[in-house]
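Asker: Pasting the sequence and the predicted coordinates here, then a few questions.
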Amino acid sequence: MTNYEIAVIGGDGVGPEVIEEGIRVLEALGDPAFRFTRLDWSSDRYKRTGRFIPDGGLDELASFDAIFFGAVGDEEVQDHITLNNLILPIRRRYDQYACVRPAYLYEGVRSPLAGQGPGDIDLVVIRENTEGEYADIGGRVYHQTDQEVAIQTSVFTRHGTERIIRYAFEEARRRGGRRKVTSITKSNAQGYGMVFWDEVFENVKDAYPDIETESLLIDAAAMDFVRRPQDFDVVVASNLFGDILTDISAITIGSMGLAPSANLNPERVNPSMFEPVHGSAFELIGKNQVNPLATILAAAMMVEFLGEAEAGAAIRKAVAENLREGRLRTPDIGGSSSTAEVGKDIVRRLEQR
Ligand code: GGG
C-alpha cells in the first residue's frame, strides 16, 4: 500500500473546520494511506508570536508529498499581510505556478444562471500563480501626505508566461472535451505586460493545431462567464484575473463551497498544494455550516495528482451522489445540514463502496 506524507495547514477562519472534513474523507479511502502533519501556520500564530511560519518552516515543506491548505484571512490582520506571509511564499518558494480551478455544475445543484443544467458548465481556469500582478514589487513614499505615491508593478516573464500557456494547452488535450483554450488579458489598456502575454499566446498556440483558441479582454470574459459559460473549456489568465474569474465561475456552479483549487508544480520537483477556492468566510466561523465539499474536491485533486486516479474518482463519485440525492447539504446550496453531517455522508459513501 502506498503511504503519503501530507502537510496540513488549516490556516484561518473556516479553514481548520473544512480541512478536518477533508482529512476524514482521505482516511476513509483506506488505500492509499496518508500521514498528516498539522502545522499551526495562521494569523492566530502571527498574533501570538509575530510569525505566520516559524523559522525553517518553509524549508520543511519540501519533505512532504503534498500540502493540504484551508483558508487565509483574518478580521484583525490586513489581508495583504496574511497573503504575503502565509500562502504566497509557499506558492512561490515551491514554484506552484499552475493554479488549476475547475468549475463543474453538478446534478442536483441549481446555478443562479437561467437555463444551465448538470454538466452545462464544465470549465477550468488555469491561473498563473507566481508572478503577474501578485509580484511583490512596488513601494510607497511620502506616507499620509498630499504627495503620497504608491507603485505596484506587475511582472510577466517569458519563462513564466510561456509555461502557463503551454500548461493550459496540455490541459485542454488531457481533458479531451471541447479542446478549446481561451486566453484572458487587458491588452487594450495594459500595453506592455498584457500585449506581451497576447504575443506569447499567439506563438504557443501554433504548436497545438488541434486546439481551438480564443482571446478575450477580462471585462468581456467576466460578462461571458455569466452570459455563455457553456462555451468555455480551458481558460488561461494572469494571477489577478484568474483569481477574480474563479470567484465568478464558482458562483455560477451554485456556491463558492463547491469550487476546489490546486496549486501545482507540474514538474513534481516540489510539493503541490490543494485548497478550496473560498477563503476564511468570517460569518460562518465555528457555526458548523460551511460547505466542506470544495475542500473534499480539493482532496480528490490531490490524490489524483499523487497518481491515485481510482481514489480521486471515488471521492468525486461520493460528492456527485450526495449532491444528486440532495438530502444532506449545507445552507449555501439550499440545505440545513451541518458541515460535519455532509462530511460524514461522504465518508459513509466511501466506506460502503
Ligand atoms: N482557500 C483559499 C483562500 O484562503 N483564499 C483567500 C484569498 O484571498 N486568497 C488569495 C489568492 O488565492 O490569491
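Answerer: Perfect, thanks for sending it. Note that the structure is predicted; figures quoted are calculated from it, not measured.

Asker: I figured Ile315 was touching Met302, is that so?
Answerer: No: look at Ile315 against Met302 with Cβ atoms under 8 Å: they stay out of range, at 9.6 Å. Yep, even glycine has a C-beta here, placed from its N, CA and C like the rest.

Asker: Look at the residue in the stretch 1-150 of the chain that the ligand sits nearest to and say how many residues are nearby.
Answerer: For the stretch 1-150 of the chain and the ligand, the shortest gap (Cβ to the nearest ligand atom) falls at Ala71, measuring 3.7 Å. By the criterion of other Cβ atoms under 10 Å, Ala71 has 29 neighbours.

Asker: Now do the strands in the chain.
Answerer: Secondary structure of the chain by DSSP state E: the strands cover 3-11, 33-39, 66-71, 98-104, 122-128, 138-141, 149-152, 180-185, 212-217, 234-237, 260-264, 272-276.

Asker: Turn those strands into CSV, including mean pLDDT.
Answerer: Shown next, in CSV, are those (pLDDT from 0 to 100):
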stretch, mean pLDDT
strand 3-11, 98
strand 33-39, 98
strand 66-71, 98
strand 98-104, 98
strand 122-128, 98
strand 138-141, 97
strand 149-152, 98
strand 180-185, 98
strand 212-217, 98
strand 234-237, 98
strand 260-264, 98
strand 272-276, 98
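
Asker: What score does the nearest residue to Ile315 once chain neighbours are set aside have for pLDDT?
Answerer: Closest residue to Ile315 apart from its sequence neighbours, by Cβ to Cβ, 6 or more residues apart in numbering: Ala300 at 4.0 Å. Residue-level confidence at Ala300 comes out at 98, pLDDT.

Asker: which parts of the protein sit against the ligand?
Answerer: By Cβ under 6 Å from any ligand atom, the residues of the chain that approach the ligand are 71-73, 83, 243, 275-276, 278-279.

Asker: Please repeat the previous calculation with a cut-off of 8 Å.
Answerer: Proximity of the chain to the ligand, by Cβ under 8 Å from any ligand atom, involves residues 11-13, 15, 69-73, 79, 83, 87-88, 99, 134, 239, 243, 261, 275-280.

Asker: Phi, psi for the residue lying closest to Asp219 once chain neighbours are set aside please.
Answerer: Spatial nearest neighbour of Asp219, chain neighbours left out: Lys186 (7.5 Å); criterion: Cβ to Cβ, 6+ apart. Main-chain torsions, Lys186, degrees, to the nearest 10: phi -140, psi 60.

Asker: Next, find the distance separating Arg35 from Asp243.
Answerer: 32 Å (Cβ to Cβ, to the nearest Å).

Asker: ah, wrong one, I meant Glu75
Answerer: On the measure of Cβ to Cβ, Glu75 and Asp243 end up 20 Å apart.

Asker: in the sheet, who's paired with Ile67?
Answerer: Ala7, Met273 (DSSP bridges).

Asker: Report the contact partners of the residue in the stretch 151-300 of the chain positioned nearest to the ligand.
Answerer: Proximity of the stretch 151-300 of the chain to the ligand (Cβ to the nearest ligand atom) peaks at Gly279, 3.3 Å away. Counting by Cβ atoms under 8 Å, 6 or more residues apart in numbering, Gly279 touches 13, 71-73.

Asker: okay if I get those as JSON lines plus distance to Gly30?
Answerer: Listed next are the contacts of Gly279 as JSON lines, based on distance: Cβ to Cβ, whole Å:
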{"residue": "Gly13", "distance to Gly30": "31"}
{"residue": "Ala71", "distance to Gly30": "28"}
{"residue": "Val72", "distance to Gly30": "31"}
{"residue": "Gly73", "distance to Gly30": "34"}
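
Asker: Among the residues you listed, which pair sits farthest apart?
Answerer: Gly13 and Val72 (8.1 Å; Cβ to Cβ).

Asker: which residues are common contacts for the two?
Answerer: With Cβ under 8 Å, 6+ apart as the test, Gly13 and Val72 both reach 279-280.

Asker: gap between the two ends of stretch 119-131?
Answerer: For stretch 119-131, the first and last residues are 32 Å from each other (Cα to Cα, to the nearest Å).

Asker: Give me the distance between the residue nearest to Asp219 and Ala221.
Answerer: 10 Å.

Asker: out of those two, which sits in the busier spot?
Answerer: Ranked by neighbour count (other Cβ under 10 Å), Lys186 and Ala221 place Ala221 first, with 24 against 20.

Asker: hey, what's the residue positioned nearest the centre of the chain bridged with?
Answerer: With distances taken as Cα atoms, centre = their mean, the chain has Ser261 as the residue nearest its mean C-alpha position (2.4 Å). Beta-bridge partners of Ser261, counted by DSSP bridges, are Glu275.

Asker: Let me see the contact set for it.
Answerer: Shown in contact with Ser261 (Cβ under 8 Å, 6+ apart): 99-101, 246, 274-277, 298, 301.

Asker: Name the nearest residue to Arg93, ignoring sequence neighbours.
Answerer: Spatially, and ignoring its direct neighbours in sequence, Arg93 is nearest to Leu58 (5.5 Å; Cβ to Cβ, 6+ apart).
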